[in-house]
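# sequence and predicted structure, then a few things I'm wondering about:
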Amino acid sequence: MLNGPGRQGQFSYAQKNHIESFMPAFCAQIDAGVNGVALTKWKQETANDILASPLFAGKLDVSNNSQKAWHEIVVRKFTNYRTQVYLKKADSTVAPPPKHRGVPLLHFSTLLTARQLFAKENESVIHSAAEERHAAAGTGTVGSAYQTVLKEKWDTLDSDARDEWQTRADKFGGDIHRITVIKPTSKRVLMHTALATLCQGGLLGNAELLLFYGWRDVKGDISTGALHGHSAHNKTNFGGTDGELLRQYGLAWYKFAEDVIPGPAKPTNVNIVLSQNPDGVPLFPSINFGAGGTDIRYLLSEYFNAVWVKSTGLTTAIPWVEIGQTPFRYYHTVSFSFPAPLSPPNELTNVHVLLVAEYLSELSSRSTPFVFALDLSAQQPQTGSTVISPSYRTPTSGNTTSRG
């Protein structure tokens, strides 16, 4: 008996391993920019070499699959590897995009497969054939007949045709990824294009999406609104016209966005005068947080700047990025446990502004005010570390505060 597959179309483990050993060379072809007909030719020639090797020659069961069918199965192994492994791996290892105006507005982790794109662009033909088949059979559903017709039409395509559909599917995904923020005035247009692509591109099937959006401009002013995304079969908006929708939900959404989207610190004409402890360390004032009339975000900004100068002797800007990455090198994280990650006040949410201000006010009332303690060689404190009482004395030499 021939040493062949256990069932139709299945290779032995040794044969599978031999085929998979060619995948690195296949990926190298893709990385080198080989595609289309050239890539198909490489797969076909490599499949010929594989089937001529000692592991395959004369050892495949041709009672169910012809030699040509086995050849197509090997070629399809490469095609499937590209779709299911290579492209997904490449997508998962892409570094986060830089924060500039060219970053993607939306990013999709799953794109259309070649077969899905084939079905999308031949939907009317497949659906018509499915209806005829369902009517003739008198049983089942049009949906099940549709899937059967789709499978039959896809299976009749040769490897070159399937590669062409795969190339088009890849390009379709690339077009989605290139929906980028060009300038603020284009945001609504770009978001609407993205929604339409999701609803009509086949990725979600026939879909309906409603997007409430909100952002602040460089001045801190907030813009809010709503956008609809429709399938090709619908033009009716949820909630009536945009005006009717916003009258019902717009104010609540605006208040929510205003509260949670951080805004820039707003300078005031009021001179902030901070009291000091006996060692000259600035104290955060005790204020009525519910009374209003105080720009707490601005107060925090002034306070941290004063503490930075007093603690370190430096007049340079506070290195907030570095503090966010390694806070233990800039202050005693065991002694000072902030209720939110220490960040520039203009980047804190309104809730975090209040929490941080209340915490600093409490520290000042306990005669243990917050201080920076610059030590760039410090290591991450271990859980359960003993609380160290920081020194509040002004440094007499150098630019560091004692951590003892």
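Structure received.

# ranges for the helices of this structure?
Under the criterion DSSP state H, the chain carries helices at the ranges 13-20, 23-31, 36-52, 67-81, 87-92, 114-121, 123-137, 142-155, 159-177, 187-200, 242-260, 296-312, 320-325, 350-365.

# contacting residues around the closest residue to H230 other than its chain neighbours?
Leaving out its chain neighbours, the residue that sits closest to H230 by CB to CB, 6 or more residues apart in numbering is C199, at 5.8 Å. Backbone N, C-alpha and C define where each C-beta goes, glycine included. Applying CB atoms under 8 Å, 6 or more residues apart in numbering, we find C199 in contact with N206, A207, E208, L209, G229, H230, S231.

# now those residues as TSV including neighbour count?
Converted to TSV, the contacts of C199 look like this (neighbours: other CB atoms under 10 Å):
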residue	neighbour count
N206	12
A207	16
E208	16
L209	16
G229	20
H230	18
S231	16
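
# now, which of the residues you listed sits nearest M23?
M23 has its nearest neighbour among the contacts of C199 in A207, at 35.1 Å by CB to CB.

# want to throw the helices of the chain into CSV with distance to P341 and mean pLDDT?
Below are these laid out as CSV (distance: least, CB to CB, whole Å; pLDDT from 0 to 100):
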stretch, distance to P341, mean pLDDT
helix 13-20, 45, 85
helix 23-31, 39, 83
helix 36-52, 47, 88
helix 67-81, 42, 87
helix 87-92, 27, 57
helix 114-121, 41, 81
helix 123-137, 49, 86
helix 142-155, 50, 85
helix 159-177, 30, 69
helix 187-200, 28, 74
helix 242-260, 16, 77
helix 296-312, 14, 89
helix 320-325, 6, 88
helix 350-365, 8, 85
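
# could you export those as CSV, including distance to P282?
Output for these, formatted as CSV (distance: least, CB to CB, whole Å):
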stretch, distance to P282
helix 13-20, 65
helix 23-31, 57
helix 36-52, 66
helix 67-81, 62
helix 87-92, 47
helix 114-121, 62
helix 123-137, 68
helix 142-155, 70
helix 159-177, 48
helix 187-200, 41
helix 242-260, 29
helix 296-312, 4
helix 320-325, 17
helix 350-365, 9
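
# residues near the residue nearest to R115 when sequence neighbours are not counted, how many?
Among residues not flanking R115 along the chain, W154 sits closest, at 5.5 Å (CB to CB, 6+ apart). Neighbourhood size, W154 [other CB atoms under 10 Å]: 17.

# per-domain residue ranges of the protein.
As recorded under automatic domain parsing, the domains making up the chain are 13-92, 97-181, 262-404.

# out of the ones you listed, nearest to G239?
For G239, the closest of these is domain 97-181, at 22.9 Å, according to CB to CB.

# any idea how far S124 is from F372?
Distance of F372 to S124, given as CB to CB, to the nearest Å: 68 Å.

# again, but for N346
Using CB to CB, N346 is found at 54 Å from S124.

# between those two, tell me which one has more neighbours.
Taking other CB under 10 Å, N346 and S124 do not tie; N346 has more neighbours (16 against 8).

# neighbours of the nearest residue to Q29 once chain neighbours are set aside, how many?
Leaving aside its sequence neighbours, Q29 sits nearest to W42 (CB to CB, 6+ apart; 5.6 Å). For W42, the neighbour count with other CB under 10 Å is 16.

# ok, R133 next?
R133: 17 neighbours (other CB under 10 Å).

# and if you look at W308?
That count, for W308 with other CB under 10 Å as the rule, works out to 22.

# my guess is it meets L314, correct?
Yes. Using CB atoms under 8 Å, W308 makes contact with L314 at a distance of 6.9 Å.

# tell me how far the nearest residue to V74 once chain neighbours are set aside lies from A135.
The spatially closest residue to V74, leaving aside those adjacent along the chain, is A47, at 4.0 Å (CB to CB, 6+ apart). A47 sits 41 Å away from A135, going by CB to CB.

# then N277?
For N277, the distance to A135 - CB to CB - is 88 Å.

# show me the contacts for L157.
So L157 contacts F118, W165 (CB under 8 Å, 6+ apart).

# if I look at it, how far off is H18?
Applying CB to CB to L157 and H18 gives a distance of 27 Å.

# before we move on, the earlier item: looking at N277 and A135, which one has more neighbours?
The neighbour comparison of N277 against A135 (other CB under 10 Å) goes to N277, with 13 against 10.

# in contact with that one, which residues?
N277 neighbours (CB under 8 Å, 6+ apart): L283, S364, S367, P369, Y392.

# neighbour-wise, which of those leads?
In terms of neighbours by other CB under 10 Å, the contacts of N277 top out with P369 at 23 neighbours.

# look at that one and report its pLDDT.
Per-residue pLDDT puts P369 at 89.

# from L363, how far off is it?
6 Å.

# again with G229
G229 is 49 Å from L363, by CB to CB.

# again with W165
W165 is 64 Å from L363, by CB to CB.

# same question for L374.
From L374 to L363 the distance is 19 Å (CB to CB).

# again with V260
For V260 relative to L363 (CB to CB), the value is 26 Å.

# comparing these two, which residue is more hemmed in?
Higher neighbour count among V260 and L363: L363, with 18 against 12, using other CB under 10 Å.

# and the more buried one, what does it touch?
F284, F336, P369, F370.

# max pairwise distance over those residues: which two?
Taking CB to CB as the measure, the contacts of L363 have their most distant pair in F284 and F336, spaced 12.2 Å apart.

# shared neighbours of those two, anything?
Common neighbours of F284 and F336 (CB under 8 Å, 6+ apart) are L363, F370.

# neighbour-wise, which of those two wins?
F284 (25 against 19).

# who's in contact with that one?
Taking CB under 8 Å, 6+ apart, one finds L274, Y303, A357, L360, S361, L363, S364, P369, F370 in contact with F284.

# so who does the third one touch?
I take that to be A357. So A357 contacts F284, I287, F289, I296, L299, L300 (CB under 8 Å, 6+ apart).

# many thanks, I have nothing further to ask.
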